[in-house]
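# Based on what follows, work out the 3D shape:
(one chain, ligands or ions: 2)
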Amino acid sequence: SMLQTVVGVGKSQYNGDVPINTTLVNGQYKMIDDTRGTGGTFGAMAITNANHGTSAGSVYVNSTNEWGDGKQYVSGGSTTDANGQTAAVNAMWGLMNTYDMLKNTLGWQSLDGHNTATYIAAHVNNNYDNAYYSDTCRCMFIGDGRSFYSLGSIDVIGHEMGHGVTAATSNLTYSGESGGLNESASDINGEVVEAYARAGGQGETIPATGNDWVMGKEISKTGTPLRWMYKPSKDGTSPDAWSTTLKRLDVHYSSGPNNRMFYFLAQGSSADAASDYYSKFLVKSPAAMTGIGLDKAYRIWFKANTTKFTASTNYADARNKMIEAAKELYGKQSKEATAVQRAYAAINVGE
Ligand code: ASN
Ligand code: ZN
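Ligands and ions are numbered 1, 2, ... in the order given. Modelled structure (predicted):
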């Protein structure tokens, strides 16, 4: 390639000083990482400044290779100053780690598996309390937040980019039970990227620890997460187990039981923890189960979502396809396949 990739210093908001890849062009540094992804809108992975609009804007440029100041963006401040760059640093760090987790652990290149470059646009809209993925641009937009801090924590970036992986593979329809599974796929991706990043962002396995099993704690001004994977009902709305009414919920709540299944699969559960919801649904008491660790749990999930799920997969299908994936990866009689079965039984799907 014609571009020269260099390593800059980014002062991130959530992860301290981080090494970020940039590109030196005619004496100026651009927030383009030419080592991750090809093609796409900017020819390589990039971070842009939406500058309070809703389109991508232009790639960040700086006269030195030191970026940001680690502080929350202040509304009304210049978006070309250090404060404006901090959101870009958050974005590049999250995106580098998302890319590396997928590639180094699964051999999956970028979001589509074909290494098509993606980008993140920071400072979308004004005081915007959300972040979102768009499949049109294969990119993500990050708001500065008002009731949240800037929505660029590792788990949020891993979540949004996870929508890109799902869009390129199973393409789970974003409503009903499949929508809940789509959201859960993104929460799972967010936590796995978090675990990978916290362990140093290297290696071919997902570390067993490092993630917090809650979504959005870092961006929360009160310290209260958006979602609790190990016990979704802590948000006051998400169910802990599947039921026939699940499909009517917003996808950010119907994701709950699958998130909990994934937590049990990775981490295990006591009968007590697993049976919390039965006070509400009074079905039966599930057995305690031993987890198989985050690495294996994620490999099974990823295989199922990228090669077995379809747009209309529901919880019952997901359970069957997850068992199939576990058998293919670890053997027909494997403890991993049994663990998948138990984890789904613990959320009232199958037995
Ligand atoms: N941040 C949200 C999400 O990725 C945006 C949305 O509601 N789709 O789920
Ligand atoms: Zn989502």
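
# where along the stretch 201-350 of the chain do the helices fall?
With DSSP state H, counting those that start in this stretch, the ranges of helices along the stretch 201-350 of the chain come out as 251-254, 256-267, 271-274, 278-281, 294-303, 315-330, 335-345.

# can you put those helices in a markdown table and add mean neighbour count and mean pLDDT?
Just so you know, the C-beta spots here come from the backbone N, C-alpha and C atoms, and that holds for glycine as well. Formatted as a markdown table, the helices of the stretch 201-350 of the chain follow (neighbours: other C-beta atoms under 10 Å; pLDDT from 0 to 100):
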| stretch | mean neighbour count | mean pLDDT |
| --- | --- | --- |
| helix 251-254 | 22 | 98 |
| helix 256-267 | 28 | 95 |
| helix 271-274 | 16 | 60 |
| helix 278-281 | 12 | 44 |
| helix 294-303 | 24 | 98 |
| helix 315-330 | 21 | 98 |
| helix 335-345 | 22 | 95 |
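
# what's the closest of these to residue 100?
The closest of the helices of the stretch 201-350 of the chain to residue 100 is helix 294-303. By C-beta to C-beta, the value is 14.3 Å.

# tell me what that closest one is packed against?
helix 82-106, helix 176-198, helix 256-267, helix 315-330, helix 335-345 (3 or more C-beta pairs under 8 Å, 6 or more residues apart in numbering; DSSP states H and E).

# Could you rerun that using 6 Å?
helix 176-198, helix 256-267, helix 315-330 (3 or more C-beta pairs under 6 Å, 6 or more residues apart in numbering; DSSP states H and E).

# I'd like those laid out as CSV, including distance to ligand 1.
Shown next, in CSV, are the helices and strands packed on helix 294-303 (distance: least, C-beta to the nearest ligand atom, whole Å):
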stretch, distance to ligand 1
helix 176-198, 6
helix 256-267, 13
helix 315-330, 18
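
# Distance check, the residue in the stretch 151-300 of the chain that ligand 1 sits nearest to against residue 33.
Proximity of the stretch 151-300 of the chain to ligand 1 (C-beta to the nearest ligand atom) peaks at residue 160, 5.4 Å away. Separation of residue 160 from residue 33 (C-beta to C-beta, to the nearest Å): 18 Å.

# likewise residue 44?
6 Å.

# and if you look at residue 136?
Relative to residue 33, and taking C-beta to C-beta, residue 136 is found at 22 Å.

# what's the burial count for the nearest residue to residue 291 once chain neighbours are set aside?
Of all residues not flanking residue 291 in the chain, residue 268 sits nearest, at 3.5 Å (C-beta to C-beta, 6 or more residues apart in numbering). For residue 268, the tally of surrounding residues (other C-beta atoms under 10 Å) stands at 18.

# Residue 259 is in contact with residue 229, correct?
Yes. Using C-beta atoms under 6 Å, residue 229 makes contact with residue 259 at a distance of 4.0 Å.

# Point me to the residue of the chain nearest ligand 1.
residue 132 (4.3 Å).

# just checking, that residue is part of a helix?
No. The assignment for residue 132 (DSSP: H, G, I helix; E, B strand; the rest coil) gives strand, which keeps it out of a helix.

# Identify the bridge partners of it.
residue 141 (DSSP bridges).

# gap between it and residue 196?
22 Å.

# repeat for residue 59
Distance, residue 59 to residue 196, using C-beta to C-beta: 26 Å.

# More neighbours: these two, which one.
Higher neighbour count among residue 59 and residue 196: residue 196, with 28 against 20, using other C-beta under 10 Å.

# That one is in contact with residue 100, isn't it?
No. Look at residue 196 against residue 100 with C-beta under 6 Å: they stay out of range, at 7.2 Å.

# So what's the residue count around the residue nearest to residue 301 when sequence neighbours are not counted?
Distances taken as C-beta to C-beta, 6+ apart place residue 188 nearest to residue 301, at 5.9 Å, with adjacent residues excluded. For residue 188, the count of nearby residues is 27 (other C-beta under 10 Å).

# okay but residue 188 is in contact with residue 263, surely?
No. Using C-beta under 6 Å, residue 188 makes no contact with residue 263, being 9.4 Å away.

# if we can go back for a sec, just the pLDDT for the residue of the chain closest to ligand 1.
In the predicted model, residue 132 carries a pLDDT score of 98.

# Residue 282 too?
pLDDT, residue 282: 37.

# do the same with residue 285
53.

# Please name the bridge partners of the nearest residue to residue 62 once chain neighbours are set aside.
Here the nearest residue to residue 62 in space, its sequence neighbours aside, is residue 29; by C-beta to C-beta, 6+ apart that works out to 4.8 Å. Applying DSSP bridges to residue 29 gives these bridge partners: residue 24, residue 62.
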